[in-house]
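1. no sequence on this one, just coordinates:
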């Protein structure tokens, strides 16, 4: 059996009753949910601030919502239909079809075990081999350090997301295919922060100043290629497929883009902070990495292969 790791997932917690709040806070800590407690008034603004959520815990009798909390559930579902909503019932009335459609699971007091099973099915439907997650962080940090040799690279704790909202304005997308997985890897960042990082001198000498958006796109594209090459060397056996095709990252540059990969499965997400060790007070450059194994996922077949030397960054930008 492949050793898998249980990753955290962020959820919006909309609960006003002190006893139920404590019950759910303990439940979240136990099952691996990172709860973001909010009031009804702050719920929708929190959705705008956090684009890497995995679900919503909502009380039916939550105050501050007109006409009731079920309308808030429908509003959340309209904005982010990929997020499963778990409703704590406080009444026995039959839900309307449009209310039921906005929910993944409804539970009554005393039904915490039913909630646990529903969360495991809806949020933690995929598990990831521990060696794979640790290896991805290792090879990505090495690749980022190669591309940005004058930046301090730190990885945050990996977690899973259900949101399909892109972070920042610049994203790359590249296919990943092995005998045990098929899907994509994405890198996402903010264009202004990436430009500022180059101005600060994160990358090679001569790479800085007033970059246009095409050059920034290509820099993130080369970074993606470097990570993909290291991933391929370590996790994709040369004999896996009879025909190997060269893959080029697809670059997307827009501020608010929803991307669907035709799957409701969670995505592996890792955030990397690149900071200037000479200027510790400046905000870091954030690069968000996602793995979407939407086409095929069989962690039982995962294996690590002898890796060839990682591809080296050249410091030159290729204009695709």
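-> Here it is on my side, so go on. Keep in mind it's a predicted model, so treat the numbers as computed, not measured.

2. Tell me which residues of the strand ranked longest in the chain come out buried.
-> Taking DSSP state E as the criterion, the chain has its longest strand at strand 285-297. By neighbour count on 16 or more other C-beta atoms under 10 Å, the buried set for strand 285-297 is 285, 286, 287, 288, 289, 290, 291, 292, 293, 294, 297. All C-beta spots, glycine's among them, are computed from the backbone N, C-alpha and C.

3. tell me the average confidence for that strand?
-> Mean pLDDT, strand 285-297: 91.

4. tell me which strands and helices that strand is in contact with?
-> Packing contacts for strand 285-297, counted by 3 or more C-beta pairs under 8 Å, 6 or more residues apart in numbering; DSSP states H and E, involve helix 130-147, strand 170-177, strand 181-189, helix 191-199, strand 267-275.

5. quick one: which of those is nearest residue 27?
-> strand 267-275 (22.2 Å; C-beta to C-beta).

6. picking that back up, so can I have JSON lines of the helices and strands packed on strand 285-297 showing mean pLDDT and mean neighbour count?
-> Below are those laid out as JSON lines (pLDDT from 0 to 100; neighbours: other C-beta atoms under 10 Å):
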{"stretch": "helix 130-147", "mean pLDDT": "95", "mean neighbour count": "19"}
{"stretch": "strand 170-177", "mean pLDDT": "88", "mean neighbour count": "21"}
{"stretch": "strand 181-189", "mean pLDDT": "92", "mean neighbour count": "22"}
{"stretch": "helix 191-199", "mean pLDDT": "89", "mean neighbour count": "19"}
{"stretch": "strand 267-275", "mean pLDDT": "95", "mean neighbour count": "21"}
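
7. now those in JSON lines, with distance to residue 62?
-> Formatted as JSON lines, the helices and strands packed on strand 285-297 follow (distance: least, C-beta to C-beta, whole Å):
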{"stretch": "helix 130-147", "distance to residue 62": "35"}
{"stretch": "strand 170-177", "distance to residue 62": "35"}
{"stretch": "strand 181-189", "distance to residue 62": "32"}
{"stretch": "helix 191-199", "distance to residue 62": "36"}
{"stretch": "strand 267-275", "distance to residue 62": "28"}
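
8. for those, which one sits closest to residue 115?
-> Proximity to residue 115, assessed across the helices and strands packed on strand 285-297 by C-beta to C-beta, is greatest for strand 267-275 (22.7 Å).

9. Let me see the ranges of the helices in the chain.
-> Ranges of helices in the chain, per DSSP state H, are 18-31, 43-49, 69-79, 97-101, 112-122, 130-147, 191-199, 213-235.

10. same question for the third one, mean pLDDT?
-> On average, the pLDDT along helix 69-79 is 95.

11. For this structure, give me the ranges with low pLDDT.
-> Residue ranges of the chain with pLDDT under 70: 1-2, 4, 204-210, 239-260, 262, 306-320.

12. Repeat the analysis, applying 50 as the threshold.
-> Filtered on pLDDT under 50, the chain yields the residue ranges 1, 242, 244, 255-256, 308, 317-320.

13. so what are the domain limits for it?
-> Using automatic domain parsing, the domains assigned to the chain come out as 4-122, 128-301.

14. re earlier: which two of the buried residues of strand 285-297 have the greatest separation?
-> Using C-beta to C-beta, these reach their maximum pairwise distance at 285 and 297, which is 30.5 Å.

15. Buried deepest among the helices of the chain, which one?
-> Ranked by mean neighbour count, the helices of the chain are led by helix 213-235 with a mean of 21 (mean count of other C-beta atoms under 10 Å).

16. quick one: that helix to helix 191-199, angle?
-> On the basis of axes from the mean of the first three to the mean of the last three C-alpha atoms, to 10 degrees, helix 213-235 is oriented at 80 degrees to helix 191-199.

17. which secondary structure elements does helix 213-235 contact?
-> Packing contacts for helix 213-235, counted by 3+ C-beta pairs under 8 Å, 6+ apart, involve helix 130-147, strand 170-177, strand 181-189, helix 191-199, strand 250-253.

18. Tell me which residues are up against the first one.
-> Think helix 130-147. Where contact means C-beta atoms under 8 Å, 6 or more residues apart in numbering, the residues beyond helix 130-147 that reach it are 3-5, 7, 151, 153, 155, 158, 203, 219, 222-223, 226-227, 230-231, 234-235, 268, 270, 272, 274, 287, 289, 291, 299, 302, 304, 310, 312-313.
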